[in-house]
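**Q** Sequence first, then the predicted structure:
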Amino acid sequence: MAREHLPVELTSRVLHAAESGYYAWQDRPPSNRLVKHAWPTEAIVGIHTASRGTYGSRRVHAEPRLDVSIHVSHDTVELLMQCAGPHGLPGNRPPAPST
């Protein structure tokens with residue numbers, strides 16, 4: 001809300017939520033899951049960047065086990081990639097038309 005410069009009072013009234021809930025959320029420390037996913041997310045984004053943005057979740061999942069040695073499931077890699085934003089290129093390009 002603050003990022004969009006919306007007043008907390010108005011937003012809480014529209015959403016039928018208490019203002020105190022927003023301020024409690026704002027002051028809360030990061031969750032255990034967020035802390036646990038921070039390092040793998042950095043490694044995943046680094047691997048995706050090193051592949052020049054071509055690797056999808058399958059290849060990114062295979063890569064850490066070879067080099068970086070982080071142990072996360074394929075589903076976790078997929079989730080972290082969706083949250084962080086990188087996307088792989090679509091696979092199996094059609095053959096170039098012959099002229």
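**A** Right, received. Where do you want to start?

**Q** Tell me the secondary structure of the residue lying closest to G21 once chain neighbours are set aside, please.
**A** Leaving aside its chain neighbours, G21 sits nearest to S12 (7.9 Å; criterion: Cβ to Cβ, 6 or more residues apart in numbering). (C-beta placed from N, C-alpha, C; glycine too.) Per DSSP: H, G, I helix; E, B strand; the rest coil, the secondary structure class of S12 is helix.

**Q** would you list every one of the helices in this structure?
**A** Ranges of helices in the chain, per DSSP state H, are 8-15, 19-27, 32-50, 57-66, 74-84.

**Q** And the first one, what's buried?
**A** Burial within helix 8-15, assessed by neighbour count using 16 or more other Cβ atoms under 10 Å, is assigned to S12.

**Q** and that helix, how far from the chain's centre?
**A** Helix 8-15 sits 28 Å away from the centroid of its parent chain (Cα atoms, centre = their mean, to the nearest Å).

**Q** how far off helix 19-27 does that helix point, in degrees?
**A** 110 degrees (axes from the mean of the first three to the mean of the last three Cα atoms, to 10 degrees).

**Q** likewise the third one?
**A** Between the axis of helix 32-50 and that of helix 19-27 there is an angle of 50 degrees, by the same axes, to 10 degrees.

**Q** Give me the buried positions along the lowest-mean-pLDDT helix or strand in the chain.
**A** Using mean pLDDT, DSSP states H and E, helix 57-66 stands out as the lowest-scoring helix or strand of the chain, at a mean of 71. Residues of helix 57-66 classed as buried by neighbour count (16+ other Cβ under 10 Å): S57, V60, H61, E63, P64.

**Q** one step back: the residue nearest to G21 and A24: what is the separation?
**A** 12 Å (Cβ to Cβ, to the nearest Å).

**Q** Could you pull up the contacting residues of M81?
**A** The contact partners of M81, by Cβ atoms under 8 Å, 6 or more residues apart in numbering, come to I44, H48, G56, S57, V60, H87.

**Q** so what pLDDT did it get?
**A** For M81, the pLDDT comes out at 84.
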